[in-house]
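**Student:** below is the structure, and that's it, no one-letter string:
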């Protein structure tokens, strides 16, 4: 019997060890040398306008040798030398993308970042930061304008205007007040002298009759701070879009007024995009205008209801039913009575509103606090039901019925105002319910069947105008026309998975059209931007940390380990054949 030589044992052990390592596949980490081509992140927000030439020269110098330059603001974009145009300074998305590529990262900014708190501390320590701070200056500005969007020609327009100052006043400056004006198409409607605060923001209310506006329909108000003589006049004015109608398209009678009425009126005007008039019974047989609390007579209430396309009776419907014409679409919301308890609304039953209410997370909504009776008739269609404490028999809470050409919807649940009060999914559910009821009641006549509506009617300079898909079915691209003083612009709204589309435009007033007579309106890109206001740098210059990265490589990725295993087994087989071993 031939003896196995030590060489064969070594070859067998080598091959078996190589196979074990391949099956185990341990991972080895090693440092990777930094990339010689840095990534330069250049702040392209509007606050960089005064330092743009210096910022361009700095970025180009730092990117020598084939480095990349990215622009960041409210989005990340490829480099170009065009003037800064973004209305925000968001560094986090650009910094995360640059860090994922590896190599050295350099940030060129004025130090005024909007999302510093959203950047992890270890990620913020990594880049080199070059700060080109703006020189200090004094600025007076109009911070915001708020008010009712849709009014009738007999209403009073009430605007809540916030204004303030920032920065250091020049030595010896006596500027302590300014003139706050409201204008339409260059025609001044009112003015008020106001005192400027030493710093911060204060508010005041301006009122004017809607009849003083130029014409019914969409109008853009210019609210301006004159006489401040500051260094940044571009933020001295804000724009506010308002819709003036000859008469209200919807009227709400509330007896008594409560939170349900308040949220219904606001949401109805918002989702239906029609002027809403609200009357409240604050005392028995004493009705008042909800906006002014001025007493109103029976004739005025009848006249408003007769001219409306939709009437809502909230609280105790019988208190105002006599004022409602027989042919008007009617929304009845009897929240004044019902069985109290935690009533949880369930998924919609098959009805004309089922598609409009799809996608709502019903299990996450707050319960209604009471449920009353709904009409009982063979013509009544149940839209939503609710169960007390999620047990027992389901009771209808939203129903529809139509008789002799008149449509009526009944909401017998009280406390649904708690859905929008918390915001988020609850607010969207409430808006969807009110919008669906309004569309059905108006029957596609005066109902707004827009496939898409603007998220906001005014946006600051450098911020994209956003549209939200509201049509039936999945979002699809829509052609849009935008007309301003410079001419007609055609574009396409391309919606993402969330039903949102954006269009970026220069400052101006734009009348838009989506192709149908009721898909029209006015949107505004303001000259104002928060970026124009002085802001202290929130980051300082820093050298950054080492730009090298760690690479993790498994042994199975090493080709030579396979070669060792094959060579060891092949050599052992050949040796055994030469010695005559099996």
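**Tutor:** Cool, the structure landed. No experiment lies behind these values; they were computed from the predicted model shown.

**Student:** end to end, how far does stretch 62-75 reach?
**Tutor:** For stretch 62-75, the first and last residues are 22 Å from each other (C-alpha to C-alpha, to the nearest Å).

**Student:** list the contacts of it.
**Tutor:** Residues from elsewhere that reach stretch 62-75 (C-beta atoms under 8 Å, 6 or more residues apart in numbering): 36-45, 59-60, 76-80, 84-91, 93-94, 97-98, 106, 108, 130, 462-464. For every residue, glycine as well, the C-beta is placed using N, CA and C.

**Student:** list phi and psi for the nearest residue to residue 253 once chain neighbours are set aside.
**Tutor:** In space, residue 253 comes closest to residue 320 once its chain neighbours are excluded; the distance is 3.5 Å by C-beta to C-beta, 6 or more residues apart in numbering. Note on residue 320: backbone dihedrals following degrees, to the nearest 10 are phi -130, psi 10.

**Student:** residues in contact with residue 320?
**Tutor:** Residue 320 neighbours (C-beta under 8 Å, 6+ apart): 253, 255, 279, 281, 301, 313.

**Student:** just the buried ones out of the contacts of stretch 62-75, please.
**Tutor:** 38-45, 59, 76-77, 79, 84-91, 94, 98, 106, 108, 130, 462-464 (16 or more other C-beta atoms under 10 Å).

**Student:** among those residues, which lie within strands?
**Tutor:** Judged by DSSP state E, the buried ones among the contacts of stretch 62-75 include 39-43, 76-77, 106, 108, 130 as members of strands.

**Student:** now the two most distant members of the residues you listed.
**Tutor:** Across these, the longest distance by C-beta to C-beta is 19.4 Å; it joins 77 and 130.

**Student:** is residue 361 in contact with residue 425, as I believe?
**Tutor:** Yes - between residue 361 and residue 425 there is a contact under C-beta atoms under 8 Å: 5.5 Å.

**Student:** ok, the two, which is more surrounded?
**Tutor:** The neighbour comparison of residue 361 against residue 425 (other C-beta atoms under 10 Å) goes to residue 425, with 15 against 10.

**Student:** now do the SS call for the more buried one.
**Tutor:** In three-state terms, and counting by DSSP: H, G, I helix; E, B strand; the rest coil, residue 425 is helix.

**Student:** all strands for the stretch 51-200 of the chain, in order.
**Tutor:** 68-72, 76-78, 105-109, 128-131, 139-147, 150-152, 156-166, 177-184, 187-195, 200-209 (DSSP state E, counting those that start in this stretch).

**Student:** among these, where is the model least confident on average?
**Tutor:** Per-segment mean pLDDT for the strands of the stretch 51-200 of the chain reaches its minimum on strand 150-152, at a mean of 82.

**Student:** list the contacts of that strand.
**Tutor:** For strand 150-152, using C-beta under 8 Å, 6+ apart, the contacting residues are 157, 210, 242-248, 269, 273-277.

**Student:** in this structure, where is pLDDT below threshold?
**Tutor:** By pLDDT under 70, the low-scoring segments of the chain are 1-4, 29-36, 170-175, 336, 444-449, 546-552, 582.

**Student:** centroid residue for it?
**Tutor:** Residue closest to the mean C-alpha point of the chain, counted by C-alpha atoms, centre = their mean, is residue 455 at 7.0 Å.

**Student:** wait, doesn't that residue sit right on residue 469?
**Tutor:** No - checked against C-beta under 8 Å, the pair residue 455 and residue 469 is beyond contact range at 10.7 Å.

**Student:** mutual contacts of these two, please.
**Tutor:** Shared contacts of residue 455 and residue 469, counting by C-beta under 8 Å, 6+ apart, come down to residue 500.

**Student:** who does the longest strand anywhere in the chain touch, helix- and strand-wise?
**Tutor:** The residue-count maximum for a strand in the chain (DSSP E) belongs to strand 391-403. Where contact means 3 or more C-beta pairs under 8 Å, 6 or more residues apart in numbering; DSSP states H and E, strand 391-403 is packed against strand 339-345, strand 368-371, strand 381-388, strand 406-411, helix 424-442.

**Student:** save these as JSON lines, and put in distance to residue 145 too.
**Tutor:** Formatted as JSON lines, the helices and strands packed on strand 391-403 follow (distance: least, C-beta to C-beta, whole Å):
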{"stretch": "strand 339-345", "distance to residue 145": "37"}
{"stretch": "strand 368-371", "distance to residue 145": "36"}
{"stretch": "strand 381-388", "distance to residue 145": "37"}
{"stretch": "strand 406-411", "distance to residue 145": "33"}
{"stretch": "helix 424-442", "distance to residue 145": "23"}
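
**Student:** between the ones you listed, which one is nearest to residue 556?
**Tutor:** Comparison of those against residue 556 by C-beta to C-beta identifies helix 424-442 as nearest, at 46.8 Å.

**Student:** next one: that closest one to chain centre, how far?
**Tutor:** For helix 424-442, the separation from the chain centroid amounts to 18 Å (computed by C-alpha atoms, centre = their mean, to the nearest Å).

**Student:** buried stuff in stretch 58-78?
**Tutor:** Quick answer for stretch 58-78 (16+ other C-beta under 10 Å): 58-59, 62-63, 67, 69-74, 76-77.

**Student:** can you count the residues close to residue 202?
**Tutor:** Close neighbours of residue 202, defined as other C-beta under 10 Å, add up to 14.

**Student:** so it is in contact with residue 160, correct?
**Tutor:** No - using C-beta under 8 Å, residue 202 makes no contact with residue 160, being 11.4 Å away.

**Student:** quick one: the helices in the stretch 251-400 of the chain?
**Tutor:** Per DSSP state H, counting those that start in this stretch, the stretch 251-400 of the chain carries helices over the ranges 259-272, 298-307.

**Student:** make a markdown table from those helices and add mean neighbour count to it.
**Tutor:** Output for the helices of the stretch 251-400 of the chain, formatted as a markdown table (neighbours: other C-beta atoms under 10 Å):
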| stretch | mean neighbour count |
| --- | --- |
| helix 259-272 | 21 |
| helix 298-307 | 16 |
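
**Student:** thinking again about what came up before, closest one to residue 184 out of the buried residues of stretch 58-78, please.
**Tutor:** Distances from residue 184 to the buried residues of stretch 58-78, taken by C-beta to C-beta, are shortest for residue 74, at 30.3 Å.
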